[in-house]
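Undergrad: Sharing a sequence plus its predicted fold:
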Amino acid sequence: MMDFAQLGWEAGTVGELDHRLLKAPHVKLRAATPGPSGDVVYSVDLRINEPNSVFLSSTEMHSFEHFLLWGFQKYMPKNFISVGLMGCQTGFYLILFNEGRMQAVHDVYEKILNDVLAASEVPYANIAQCGNYKNHSLELAQALARRVLEAKSNWRQVI
């Protein structure tokens, strides 16, 4: 049994929760899956909006996803596996290898959001690296980053 509290997560918020109770934005451990050799794959929710209330547009999700890809690869190159969109358009799934400490995830997320605010272009937003390179907006990504940063004190309040 994994000790989620030792990693900094509130054990009662790990796993699938009733979406009617979720607050946002928050950062929540969704799952920790150990492998046979002791390695662990962590799945983290980067929830932006409360479920079933306000939805992210395709353009802001797309650009924000590019920043998350760029940033987690930059700051956690040995741990980052992937980031994916929540189909409900309220956030992102972050997948990490052997890094499940809440504070480490929060610190890198904050760095990435600050990088978004200082950016002059969306990473990988070109025809060679993106399948829909015209569907980006630096301004929307920066507005989203600003909003999530302003609510940083609430990232631990999942329900």
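TA: In hand now; what should we look at?

Undergrad: Tell me who's in contact with the most centrally placed residue in the chain.
TA: By Cα atoms, centre = their mean, the mean C-alpha position of the chain lies nearest to L46, the distance being 3.5 Å. By Cβ atoms under 8 Å, 6 or more residues apart in numbering, the contact list for L46 reads 25, 27, 68, 83, 91-94, 109. (C-beta placed from N, C-alpha, C; glycine too.)

Undergrad: does L46 sit in a helix, a strand or a coil?
TA: strand (DSSP: H, G, I helix; E, B strand; the rest coil).

Undergrad: again, but for the one 3 residues further on
TA: With three-state DSSP as the basis, N49 sits in coil.

Undergrad: ok, it touching A24?
TA: Yes: look at N49 against A24 with Cβ atoms under 8 Å: they come within range, at 5.2 Å.

Undergrad: if I look at those two, which residues touch both of them?
TA: 90-91.

Undergrad: Check the gap between E65 and V14 for me.
TA: Distance of E65 to V14, computed by Cβ to Cβ, to the nearest Å: 24 Å.

Undergrad: before we move on, the earlier item: and of the contacts of L46, the nearest to A141?
TA: L68 (9.9 Å; Cβ to Cβ).

Undergrad: what about the closest one, helix or strand, and which?
TA: Using DSSP states H and E, L68 maps to helix 58-75.

Undergrad: Just the buried positions in the helix or strand just after that helix, please.
TA: Per DSSP H and E, the first helix or strand lying C-terminal to helix 58-75 is strand 80-85. Using 16 or more other Cβ atoms under 10 Å as the test for burial, strand 80-85 gives 80, 83, 85.

Undergrad: quick one: contacts of strand 80-85?
TA: 41, 46, 61, 65, 68-69, 72-73, 92-97.

Undergrad: before we move on, what about stretch 101-117?
TA: 7-9, 27, 29, 44, 46, 64, 67-68, 70-72, 75-76, 94, 96, 99, 141-142, 144-146, 148-149, 152, 155-156.
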